[in-house]
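Student: What follows is a predicted structure for the sequence shown.
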Amino acid sequence: MRPWNFSRPKGPGFGISRGYYLSVLSSRPVLPSPVELANPAASGKALAGMVAPLVGDSDPARLHQPMTRGVYAVATKDRKTVIKMTVVSKEEVGFDPEAFIRSSLAADTDSELVARLRGTWLLCQLMFESHDPAVYPSVDFLLQIAVRMGVLCDGVVADPVSRRYLLPQHVIQFPRVDPRIDAREHVFVHHLSGEGGITAYTLGMQKFDLPELQIDNLNSESLPDATRFLMALSQTSLVGGFLKPGEKYGATRMPFIARQAGFDKRIWDGVDVLELLPSDLATSSECLQAWVLEL
């Protein structure tokens with residue numbers, strides 16, 4: 001996924017990938033009006049911003065009528081961030097909730113979320129048209145739009161890059177690890193079993209054109225620690241502490257060493273990845289145990 005190329009003198013050192021998008025799956029057949037989603041005065045619990053239809057007539061009355069199939073622009077008041085919202089029916093995109101519900105990803109899924117997925121009528125896809133050079137305000141605005149739409153239409157927020165579905169109240173973390181950004185809002189750790197053990201890997205860092213992270217050869221007992229460790233490294237990256245190949249991470253006495261990876265075709269396809277390799281004569285699980293003891 002390719003980021004926008006422009007100067008970011010006050011940014012965090014990374015941008016927003018063109019492949020970063022969210023979808024809101026509405027379980028209501030009628031959507032809210034544009035002014036219920038956002039208006040300049042933020043009245044009626046709406047977001048502070050502006051919504052305008054990009055197709056059809058420009059009659060101001062449309063701002064007070066339910067949104068329908070089509071394309072809308074949602075912008076912050078300063079217009080530094082513009083989100084394109086495309087509304088389509090589930091039939092147009094071939095959305096099948098049962099495919100997810102039958103998968104292993106749905107093992108611990110909330111029953112309310114499942115009911116909403118099965119009741120989906122419309123999909124609202126949210127993509128960046130432009131973003132604030134500071135990045136963080138724009139990412140917050142995207143999340144806020146997803147939450148607001150989800151609340152108004154009894155919906156579910158789909159995050160295709162990190163491969164998860166969320167109820168609106170679970171999209172934004174309270175409190176955040178860092179007020180600027182919280183990795184838990186953008187990144188999820190998945191697990192995959194193989195001959196050498198279990199692989200834990202992140203999905204979501206690519207939203208910012210940053211490398212995903214991977215640890216191989218884990219046992220099942222070390223998976224919770226692996227998840228914590230990968231999320232901690234993701235958080236570090238998202239606040240400017242970028243990870244580099246050849247550097248050491250984790251416990252001082254038994255660190256992991258990062259190296260370029262992404263060769264496992266079961267998981268990766270053209271994505272930048274850093275694999276965290278255990279120290280000499282140690283296993284991945286032992287390096288994680290050493291890290292936990294140093295916390």
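Tutor: That came in fine, so what should we check first? Residues are numbered from 1 along each chain as shown.
Student: all helices for the chain, in order.
Tutor: 34-37, 90-93, 97-101, 111-118, 136-152, 223-238, 284-294 (DSSP state H).
Student: Same list (these) but as CSV, adding distance to Val161, mean neighbour count and mean pLDDT.
Tutor: Bear in mind the C-beta positions are built from the backbone N, C-alpha and C, glycine included. As requested, the helices of the chain are exported to CSV (distance: least, CB to CB, whole Å; neighbours: other CB atoms under 10 Å; pLDDT from 0 to 100):
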stretch, distance to Val161, mean neighbour count, mean pLDDT
helix 34-37, 23, 21, 98
helix 90-93, 17, 12, 94
helix 97-101, 15, 14, 88
helix 111-118, 18, 15, 94
helix 136-152, 12, 21, 98
helix 223-238, 13, 20, 98
helix 284-294, 25, 19, 96
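Student: Let's have those in JSON lines, adding distance to Ala48.
Tutor: Shown next, in JSON lines, are those (distance: least, CB to CB, whole Å):
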{"stretch": "helix 34-37", "distance to Ala48": "11"}
{"stretch": "helix 90-93", "distance to Ala48": "30"}
{"stretch": "helix 97-101", "distance to Ala48": "33"}
{"stretch": "helix 111-118", "distance to Ala48": "27"}
{"stretch": "helix 136-152", "distance to Ala48": "9"}
{"stretch": "helix 223-238", "distance to Ala48": "24"}
{"stretch": "helix 284-294", "distance to Ala48": "42"}
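Student: Minimum distance to Gly19: which of those helices has it?
Tutor: Gly19 sits nearest to helix 136-152 of all these, at 13.3 Å, using CB to CB.
Student: I'd like to know which elements that closest one is packed against.
Tutor: The contact analysis (3 or more CB pairs under 8 Å, 6 or more residues apart in numbering; DSSP states H and E) places helix 136-152 against strand 21-26, helix 34-37, strand 47-53, strand 70-76, strand 82-89, strand 122-130, strand 156-159.
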